[in-house]
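Asks: please work out how this folds:
(2 chains)
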Amino acid sequence: AQSVTQLDSHVSVSEGTPVLLRCNYSSSYSPSLFWYVQHPNKGLQLLLKYTSAATLVKGINGFEAEFKKSETSFHLTKPSAHMSDAAEYFCVVSGRDSSYKLIFGSGTRLLVRP
Amino acid sequence: NAGVTQTPKFQVLKTGQSMTLQCAQDMNHEYMSWYRQDPGMGLRLIHYSVGAGITDQGEVPNGYNVSRSTTEDFPLRLLSAAPSQTSVYFCASSYGQGLMNTEAFFGQGTRLTVV
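Replies: Sure thing, here's the model as predicted:
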């Protein structure tokens, strides 16, 4: 069965410093992987997605993620955090194992200190 | 372009009451789904539909019913609310599902409290 693990429930960074949100997945077949962001009291917005094309995926607002099959990871990064990045981030896996349903991680709350 | 619209945004129910959460999308998406979000648990799939007239259960379907009579609408019914159903509910739609999963669009959510 497919699953996804977000390794940190909370991450705190200073404004202007790099962001790293970690995600590991489990899948018997080649997965599709997504990162979604949820700002307070809002719905979810897609940041980026990997669907077996380039392993380095660029998303909106300067975020990117790298698919590493050997490490079963899909970590989200951003070179320089902005106050507006404070939100909850979800790593999501999908594919043949789950009949293409979206399987969500438990989320990582990103705090950005001034 | 409204996207995915959920109503109501907030609701308080008494145990045993029934209600329907509404979801509508205007993107002509075939695939629609309902999730519940609980602290520390991410989003869990309740029910989904791959097209009008076709629905199926997700991970946590107990206590919820759905129907899909049109492409646009996918209501979620709570027949007899329980405190365990206190949660934030999200409706989502996407063009389809298959070998390359497409982006899912989410509504703003419905915050439900059952007392």
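Asks: show me the contacts for residue 108.
Replies: Assuming you mean chain A. A:6, A:8, A:9, A:10, A:11, A:21, A:22, A:88, A:89, A:90, A:91 (Cβ atoms under 8 Å, 6 or more residues apart in numbering or on different chains). Backbone N, C-alpha and C define where each C-beta goes, glycine included.
Asks: correction: the question concerned chain B.
Replies: A:42, A:43, B:6, B:9.
Asks: do the same with residue A:61
Replies: Residue A:61 touches A:47, A:78, A:82, A:84, A:85, counting by Cβ under 8 Å, 6+ apart.
Asks: can you tell me the closest non-neighbouring residue to the residue positioned nearest the centre of chain B?
Replies: Residue closest to the mean C-alpha point of chain B, counted by Cα atoms, centre = their mean, is residue B:34 at 2.5 Å. Excluding the flanking residues, the one nearest residue B:34 by Cβ to Cβ, 6 or more residues apart in numbering or on different chains is residue B:46, at 4.4 Å.
Asks: and the gap between the one you found and residue A:28?
Replies: 25 Å (Cβ to Cβ, to the nearest Å).
Asks: do residue A:54 as well
Replies: Residue A:54 is 23 Å from residue A:28, by Cβ to Cβ.
Asks: ranges for the strands of the chain?
Replies: In the absence of a named chain, chain A is used. Counting by DSSP state E, the segments of chain A that form strands are A:3-6, A:10-14, A:19-21, A:23-26, A:32-38, A:44-50, A:56-58, A:64-68, A:73-78, A:87-94, A:103-104, A:108-113.
Asks: looking at chain B here, not the other one
Replies: Using DSSP E, strands in chain B cover B:4-7, B:10-13, B:19-25, B:31-37, B:43-51, B:54-57, B:64-66, B:76-78, B:87-94, B:105-106, B:110-114.
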